[in-house]
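J.: turn this into a structure:
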Amino acid sequence: MNRRDLGLLASFDLAHMEGLSADRSIPLLLSPRSLYVLQNLANQDVLDPVRYDLAPSAFPQHPQEGTDDYALFLQAADAVGVELSERIAGVGTLLNYVEAIAASTIEENVSAGTHVLQLGGPGGGEAWVIDTLAFYNSTSQNSWVFARLGPSGGERYVASVQNPAAGIPYVIKGPFHLSEGWSFLLTFLGCVAGDDLAIEATGYIMDLV
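T.: Sure thing, here's the model as predicted:
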C-alpha cells in the first residue's frame, strides 16, 4: 500500500480539522499510560500531509509544500501541538483536566442512632474523578459504615466496614467518576450521642467542554 492509498483510507478535511477544537464535549478519562501512547501517535500523525485533504473528495488533494494550502496544514498541525502541550503537562496530567479537588462533609454532635452524610457532586459542565474517599467517626466506634455512590435515589453499594476504629480514617481507593447529580452517601450505624462524623475526598475536576 503506497502513501496515496493510505491517504484514501484515512484523510482529514483541513477546514473541518480547524473547527474541531470548539466542539469537545466528552471528557477523556484515560490512564496516564494511554494518554502517553496517544500523545506519541498524535505527534507523528499530525505532521504527515498525506493524512489531510483540501476538501472532502473521493480523490484527495493533499497540501503541497510552498502553497497557501500547505500553510493551512502547518497551522492545523501547530494548533494540535499547542493543545497537546497545554493539556498534557507531563505524563500524569489528563486531557480536560481543570484542577485538583479536596471536598469534605462534616456533621458534629449528632444524636444516637443512624446518620447519613452526603458528599458531592459536580455541577453542570464538569465531572469529578475521586481518587480517595475517607470517612471516620472522631469520637466513638460505629457498628457499621456503608458507602454508596450514584445519582439521587439510584446510589449503589461501594464499600462497607464493620466496627471501624474511632478517630482513624477508613480509606477507599478509586478512581470514582461522578457526573452531574451524583454523590456519595455514607451511612453510619450505631452512632452515640455527641459523635462527630466526617467524609473527605481528593481527586480532580474534568472539564466537559
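J.: next up, the contacts around residue 203.
T.: 100, 101, 128, 129, 130, 131, 132, 174, 175, 176 (C-beta atoms under 8 Å, 6 or more residues apart in numbering). To be clear about C-beta, it is placed using only N, CA and C from the backbone, and glycine gets the same treatment.
J.: just the buried residues from those, in ChimeraX please.
T.: Filtering these down to the buried ones (16 or more other C-beta atoms under 10 Å) takes a single ChimeraX command:
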select :101,128,129,130,174,176
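J.: from the contacts of residue 203, which is closest to residue 119?
T.: Ranked by distance to residue 119 (C-beta to C-beta), those are led by residue 130 at 9.0 Å.
J.: contacting residues for the closest one?
T.: Taking C-beta under 8 Å, 6+ apart, we find residue 130 in contact with 174, 175, 176, 177, 178, 184, 201, 202, 203.
J.: and if we set it to 7 Å?
T.: 174, 175, 176, 178, 201, 203 (C-beta atoms under 7 Å, 6 or more residues apart in numbering).
J.: OK, contacts around the fifth one?
T.: Residues near residue 201 by C-beta under 7 Å, 6+ apart: 103, 119, 130, 132, 133.
J.: rewinding a little: the contacts of residue 130: which two are farthest apart?
T.: 175 and 201, at 11.1 Å, using C-beta to C-beta across those.
J.: element containing the closest residue to residue 192 other than its chain neighbours, please.
T.: For residue 192, ignoring the flanking residues on the chain, the nearest one in space by C-beta to C-beta, 6 or more residues apart in numbering is residue 140 at 4.6 Å. Under the criterion DSSP states H and E, no helix or strand holds residue 140.
J.: burial of residue 140, as a residue count?
T.: Other residues near residue 140 come to 14 when the count uses other C-beta atoms under 10 Å.
J.: and of the contacts of residue 203, the nearest to residue 153?
T.: residue 176 (18.2 Å).
J.: got a markdown table for the contacts of residue 203, with distance to residue 152, secondary structure and pLDDT too?
T.: Converted to a markdown table, these look like this (distance: C-beta to C-beta, whole Å; DSSP: H, G, I helix; E, B strand; the rest coil; pLDDT from 0 to 100):
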| residue | distance to residue 152 | secondary structure | pLDDT |
| --- | --- | --- | --- |
| 100 | 26 | strand | 82 |
| 101 | 20 | strand | 83 |
| 128 | 16 | strand | 87 |
| 129 | 20 | strand | 86 |
| 130 | 17 | strand | 89 |
| 131 | 23 | strand | 86 |
| 132 | 23 | strand | 89 |
| 174 | 20 | strand | 83 |
| 175 | 21 | strand | 85 |
| 176 | 16 | strand | 88 |
